[in-house]
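Visitor: requesting a structural model of the entry that follows:
(one chain, ligands or ions: 1)
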Amino acid sequence: MKVIKELSACGGRLIKLSHDSASTKTNMNVNVYLPKQYYAQEYPRNKRIPTIVYLSGLTCTPDNASEKAFWQFQADKYGFAMVFPDTSPRGESVANDPEGSWDFGQGAGFYVNATQQPYAQHYQMYDYVHKELPQTLDAYFNKDGVAKLDFLDKVAITGHSMGGYGAICGYLKGYAGKRYKSCSAFAPIVNPSKVAWGQKAFKGYLGNERAQWQEYDPCALIKNVQRTGDDKILIHVGDADPFLEEHLKPELLLEAVKCTSWENHVQVKKVHGFDHSYYFVSTFVPEHAEFHAHNLGLI
Ligand SMILES: N[C@@H](CCC(=O)N[C@@H](CS)C(=O)NCC(=O)O)C(=O)O
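Guide: Numbers count the residues shown, from 1 in each chain. Sure, this is the predicted structure:
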């Protein structure tokens with residue numbers, strides 16, 4: 001782990017890190033926001049600061065949400081840290097979209113483990129985000145007898161668009177083991193097998209065998225996950241989102257949960273006049289922050 005830059009933001013610090021990843025076999029960038037509580041002398045020694053992982057959408061780096069979602073204010077308010085991973089492996093040796101489009105390849109890893117060449121070599125984003133990165137952050141930040149940050153247990157996940165998809169997918173796949181304690185999404189792609197962005201990505205990364213796609217499709221996964229307690233998934237989407245009808249289709253998730261344990265536990269809030277941008281995301285970050293703070297036991 002190497003610190004590229006450290007910046008003061010709100011009451012805490014944004015740490016821009018890079019590290020060699022065993023999963024992607026590339027160097028990966030990640031931003032971590034440490035809230036003001038991390039720096040407070042009086043923060044209880046036996047209490048770890050929980051984290052929220054924010055998965056970004058197509059074309060993003062860790063910087064988009066760090067700069068434009070305004071999670072930092074909320075992190076200080078409730079006392080959680082934020083993790084902003086990258087959206088794909090990058091570099092000259094990393095295969096890209098043959099068409100040169102922005103919806104596949106670098107900046108568009110879809111948080112899956114690719115099985116198809118030439119992508120399988122580096123595009124192992126599922127393992128990277130859900131397994132390797134939290135372990136790496138834990139080892140880096142919680143060393144020398146200091147264990148102030150919780151990257152492994154009290155962790156929530158959220159994301160935007162492709163990242164909203166990645167968040168719901170990771171939450172459901174890890175649900176039996178309670179990998180994440182809370183999940184929400186902003187304008188997520190909920191049924192990638194059925195929409196153009198998802199089909200292009202799944203074909204490229206996972207191949208033509210549609211059975212493989214179901215392993216990563218929230219609308220298929222959720223039918224086989226037994227909900228417990230009062231768990232809910234919170235989703236916002238703008239009704240002026242240009243991708244709503246073709247790629248996002250949140251109604252398909254509501255259809256998928258009918259007559260399952262998730263019925264009435266997936267809340268899709270369609271908000272009037274909002275598009276797909278960070279003006280939309282940042283507007284609803286406070287509501288998502290409160291939702292996660294509650295589920296992480298901070299309020
Ligand atoms: N680059 C695409 C837009 C892709 C897009 O909207 N990406 C979203 C996530 S799916 C995003 O967060 N973009 C970066 C940003 O707004 O900072 C275009 O030119 O139409």
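Visitor: strands of the chain, start to end?
Guide: With DSSP state E as the definition, the chain shows strands at residue ranges 2-9, 12-20, 27-34, 49-55, 81-85, 149-159, 182-186, 233-238, 266-271.
Visitor: with mean pLDDT added, can I get those in TSV?
Guide: Putting the strands of the chain into TSV (pLDDT from 0 to 100) gives the following:
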stretch	mean pLDDT
strand 2-9	98
strand 12-20	98
strand 27-34	98
strand 49-55	98
strand 81-85	99
strand 149-159	98
strand 182-186	99
strand 233-238	98
strand 266-271	98
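Visitor: out of those, deepest packed?
Guide: Among the strands of the chain, ranked by average contacts under mean count of other C-beta atoms under 10 Å, first place goes to strand 182-186 (a mean of 28). Using the backbone N, CA and C atoms, a C-beta is placed for each residue, glycine as well.
Visitor: elements contacting that one?
Guide: Strand 182-186 sits against strand 149-159, helix 162-173, strand 233-238, helix 278-295, with contacts defined as 3 or more C-beta pairs under 8 Å, 6 or more residues apart in numbering; DSSP states H and E.
Visitor: quick one: it to helix 278-295, angle?
Guide: Inter-element angle recorded for strand 182-186 and helix 278-295: 170 degrees (by axes from the mean of the first three to the mean of the last three C-alpha atoms, to 10 degrees).
Visitor: do strand 182-186 and the ligand come into contact?
Guide: No: where contact is defined by C-beta under 6 Å from any ligand atom, no part of strand 182-186 touches the ligand; the two come within 9.4 Å at best.
Visitor: which residues touch that strand?
Guide: When contacts are defined by C-beta atoms under 8 Å, 6 or more residues apart in numbering, strand 182-186 is touched by residues 156-161, 163-165, 167-168, 171, 233-237, 280-281, 284, 288, 291-292, 295-296.
Visitor: centroid-nearest residue for the protein?
Guide: Using C-alpha atoms, centre = their mean, the residue of the chain that lies closest to the mean C-alpha position is residue 55, 2.7 Å off.
Visitor: pretty sure that residue is touching residue 82, no?
Guide: No: applying C-beta atoms under 8 Å as the test, residue 55 and residue 82 come out as separate, 11.6 Å apart.
Visitor: residue 148: how many residues sit nearby?
Guide: The tally of other residues near residue 148 (other C-beta atoms under 10 Å) stands at 17.
Visitor: residue contacts, it?
Guide: By C-beta under 8 Å, 6+ apart, the contact set of residue 148 is 38, 43, 48-49, 141-142.
Visitor: please redo it, this time with the cut-off set to 10 Å
Guide: Residues in contact with residue 148 (C-beta atoms under 10 Å, 6 or more residues apart in numbering) are 34, 37-39, 43-45, 47-49, 81, 141-142.
Visitor: quick check, nearest of those residues to residue 192?
Guide: Checking the contacts of residue 148 against residue 192 by C-beta to C-beta gives residue 81 as the nearest, at 28.9 Å.
Visitor: the contacts of strand 182-186 also near the ligand: which ones?
Guide: Filtering the contacts of strand 182-186 for proximity to the ligand (criterion: C-beta under 6 Å from any ligand atom) leaves 160-161.
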